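Enquirer: Show me how the following folds:
(4 chains)
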2 protein chains.
Amino acid sequence: MAKPLADPTVDLGLSVDRSSPVPLYFQLSQQLEAAIERGALTPGSLLGNEIELAGRLGLSRPTVRQAIQSLVDKGLLVRRRGVGTQVVHSQVKRPLELSSLYDDLEAAGQRPETRVVANTLVPAPAEAAAALGVAEGEEVHRVERLRLAHGEPVAYLCNHLPTGLLALDDERLSATGLYRLMRAAGITLHSARQSVGARAATAVEAERLGEEAGAPLLTMQRTTYDDTGRPVEFGSHTYRASRYSFEFQLLVRS
Amino acid sequence: MAKPLADPTVDLGLSVDRSSPVPLYFQLSQQLEAAIERGALTPGSLLGNEIELAGRLGLSRPTVRQAIQSLVDKGLLVRRRGVGTQVVHSQVKRPLELSSLYDDLEAAGQRPETRVVANTLVPAPAEAAAALGVAEGEEVHRVERLRLAHGEPVAYLCNHLPTGLLALDDERLSATGLYRLMRAAGITLHSARQSVGARAATAVEAERLGEEAGAPLLTMQRTTYDDTGRPVEFGSHTYRASRYSFEFQLLVRS
DNA sequence: GTCAATTGTTTGTCCGGACAAACACCCGCC
DNA sequence: GGCGGGTGTTTGTCCGGACAAACAATTGAC
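Expert: Prediction:
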C-alpha cells in the first residue's frame, strides 16, 4: 500500500499543454527525459504506474504508454510486468547517432576546420558507383577534404555524391560539415552502412596527415541513405589513429 | 483510383493465428519482414493503407500500426502522410546488433575457435573497475582469449566481469562466445558503449597475433550493460587489421 | 521452518472510434 | 499554359475500455 514516491507529478513538475501543436506524448517524454537528465528521477526509482500517471496528467493510458515507450527505446527506462517502470541505473548518454565528424569535434570543443582539396565532377569509380547505385563511369561529385582540429590534421575525407542533389561550393564545404549541408538542402538522413578498419599509412597518406609512413590509420567507408532508402553519399575516410577514435553506444533490439 | 497492387494479402500470404500465444502485431511484422526479405515486396512498392489492411486481416488499425511501426523502426519501411507506407529501396541488412565476434565469424562461414589464455580472479584494474562500477582492487573475473578463424589468429580478447554473475569454466569459454554464455545464464544484454580505434602493435601483441611488431591493429573497448543498466562486462580487444573490420548499420533516431 | 498456492499489482496486447495534419491530385481560373 | 485552390486519401494523434500475462508478496498447508 505504501507508495515509494509521494507524487511524482508535483515533484517533477510534469504537465502538458493541450494548446501546443507538439504532440502530448512527446511533451511528456521530453519532460521525463529532462527529469532523468537532471537527476530528479534517480536510477532505479519507480515511475508510478501508468494508470495513475495518466489520471494525474489528464491523459489517456495509450498516450502515456507512447511517451514511456519512446524512452524505453532510447534505453533510459525499463519496464517490468508486475513491478513497474524504472529508470535505468547507468550513465547512458545518447544511444548513438549517425555521427558527423565536424559536429563531434565541435561538440568536444576542438575547433574544427576544413580544407577543400578537390571538388570536381568525375566518372564514378567502380566502388562509388556500386555504393550509390549508379552506372560505373556516370558523372558524380567528388569531394576531398582535410579536416583539422586545433590546426592539426585529424582526417582525410574523400566523398562521392550523386549529381543533382546538392549545390557544393568550396565556401560552404569549408564552413561546415557535409551532413549539415545535406540537411539544409532538405535531405533527411536516415541510415548508414559503415565499415571500420585499420591499415598502415602509405607515403602519400602519411604526408597528407602529418604522420610517418607506416603509421596506423583508422579507416572508415560509409554509404549514407536518406529516408526513402536512396543512397546519397559514399565516403572513404582515413583518420589519424593517434588523434581520433570512434565512440558510440549500441542498443540491442529485441 | 487504380491500385498498384491487386490484393497484397493474397499475394503475400498474410494471415494471423489468433490461437497462437505470439502477439498478433508480431506475427504480422514478421510476415511482412519475410516478404520484404524474399523480394515479394519490392523496394518502393506501396503497402496499401492501414484501414484496408486491418480489414482484410481482421485486425484493428492500432494492431496493424504497431506491426508497421516496428518495421519502420528497423528501417525497412517508410511512412508518408497522404502517400502511404513504402518499402525502403536499399539493400538494408540488419540495423545493427550488439555484435558478437564469435557469432559474426560463424555466420560468415569462418570456423571460429577460441583458446583460453587466462581465466582467473584478479583485483580490478582502475579502468575495469570504473567501467564495471566496482571499487578498484575488488575481485573480478579476468578472461583472456585468442580467437581464431580457419586456424589463423584474428583477435586477442581481454574481458573483465563482476563476480557472482556467471560460472566461467574454460571448457564452455572454448566452445562458444561470451555473449552466448551470458544469455544462457539469464542475463539480458541491452546496450553497450564502444570505442574503436587503431594503434601499432607492440612486440608482445604482435607475437600473440602472428603479426610483425608495428603492424596496425584495430582496437575496441566495450562496456556492456544488461536490461537494468547494470554493467556486466568490460572488454579490451585487439584485432588484426589485415583480417578483420567492423561492419555495421546505423539508424538516425528522429 | 519451508514450500506451494493464492492474491494483487502492473505492464502487455487488442479493440473501435474520432479528429487533425500532410500530401497528391485534379480542376478551374487567369 | 501556368498557377492557385479545393478535394480526397493516408497517416498522425488521442481517447476509453477490456482482458491476458507476468511478477511479487502474502498466506496457508505441511
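Enquirer: gap between stretch A:50-70 and the chain center?
Expert: Averaging C-alpha positions (Cα atoms, centre = their mean, to the nearest Å) puts stretch A:50-70 28 Å from its chain's average.
Enquirer: What of stretch A:157-174?
Expert: On Cα atoms, centre = their mean, the centre of stretch A:157-174 falls 20 Å from that of its chain.
Enquirer: That one near chain B anywhere?
Expert: No - applying Cβ under 8 Å from any Cβ of the partner chain, one finds stretch A:157-174 separated from chain B by no less than 13.5 Å. For the C-beta atoms, the positions are set from N, CA and C on the backbone; glycine is no exception.
Enquirer: And stretch A:62-74, by the same measure?
Expert: Yes - part of stretch A:62-74 sits near chain B under the criterion Cβ under 8 Å from any Cβ, namely A:73, A:74.
Enquirer: List of residues touching that stretch?
Expert: A:24-26, A:28-29, A:32-33, A:36, A:47, A:50, A:53-54, A:57, A:77-79, A:85, A:95, A:251, B:73, B:253 (Cβ atoms under 8 Å, 6 or more residues apart in numbering or on different chains).
Enquirer: Which positions within the helix or strand hosting residue A:171 qualify as buried?
Expert: Assigned by DSSP states H and E, residue A:171 belongs to helix A:170-175. The neighbour-count check on helix A:170-175 (16 or more other Cβ atoms under 10 Å in any protein chain shown) flags A:172, A:173 as buried.
Enquirer: Contacts made by that helix with the rest, please.
Expert: Contact with helix A:170-175 is made by A:113, A:114, A:115, A:116, A:119, A:143, A:145, A:181, as judged by Cβ under 8 Å, 6+ apart.
Enquirer: So which of those residues belong to helices?
Expert: Among the contacts of helix A:170-175, DSSP state H puts residue A:181 in helices.
Enquirer: Quick one, which of the contacts of helix A:170-175 are buried?
Expert: A:113, A:114, A:116, A:143, A:145, A:181.
Enquirer: separation between the fifth one and DNA strand D?
Expert: Read that as residue A:145. 36 Å (Cβ to the nearest atom of the strand, to the nearest Å).
Enquirer: Counting neighbours, what do you get for the residue nearest to that residue when sequence neighbours are not counted?
Expert: Closest residue to residue A:145 apart from its sequence neighbours, by Cβ to Cβ, 6 or more residues apart in numbering or on different chains: residue A:157 at 4.6 Å. Residues near residue A:157, counting by other Cβ atoms under 10 Å in any protein chain shown, number 22.
Enquirer: Pairing partners for the helix or strand encompassing residue A:157, with directions?
Expert: Taking DSSP H and E as the criterion, residue A:157 maps to strand A:152-162. Paired strands of strand A:152-162, with direction, are strand A:139-149 (antiparallel), strand A:231-240 (antiparallel) (DSSP bridges).
Enquirer: what does it contact?
Expert: Under Cβ under 8 Å, 6+ apart, the answer for strand A:152-162 is A:101, A:105, A:124-125, A:128, A:131-132, A:134, A:140-148, A:168, A:178, A:205, A:208-210, A:231-240, A:243-244.
Enquirer: Next, the buried residues of it.
Expert: For strand A:152-162, by 16+ other Cβ under 10 Å, it's A:153, A:154, A:155, A:156, A:157, A:158, A:159, A:160, A:161, A:162.
Enquirer: out of the residues you listed, which one sits closest to DNA strand D?
Expert: Lowest distance from DNA strand D to these (Cβ to the nearest atom of the strand) belongs to residue A:162, with 26.3 Å.
Enquirer: Show me what the residue lying closest to residue A:84 once chain neighbours are set aside is bridged to.
Expert: Spatial nearest neighbour of residue A:84, chain neighbours left out: residue A:46 (4.7 Å); criterion: Cβ to Cβ, 6+ apart. Listed beta-bridge partners, residue A:46: residue A:86 (assigned using DSSP bridges).
Enquirer: so how far is DNA strand D from residue A:46?
Expert: To DNA strand D, residue A:46 is 12 Å away according to Cβ to the nearest atom of the strand.
Enquirer: Quick check: that residue touching residue A:86?
Expert: Yes - applying Cβ atoms under 8 Å, one finds residue A:46 in contact with residue A:86, separated by 5.9 Å.
Enquirer: who has more neighbours, those two?
Expert: residue A:86 (18 against 15).
Enquirer: okay but that one is in contact with residue A:76, surely?
Expert: No - judged on Cβ under 8 Å, residue A:86 makes no contact with residue A:76 at a distance of 10.2 Å.
Enquirer: Could I get the full set of strands for chain A?
Expert: For chain A, strands defined by DSSP state E occupy the ranges A:77-80, A:84-87, A:112-123, A:139-149, A:152-162, A:189-200, A:216-226, A:231-240, A:246-251.
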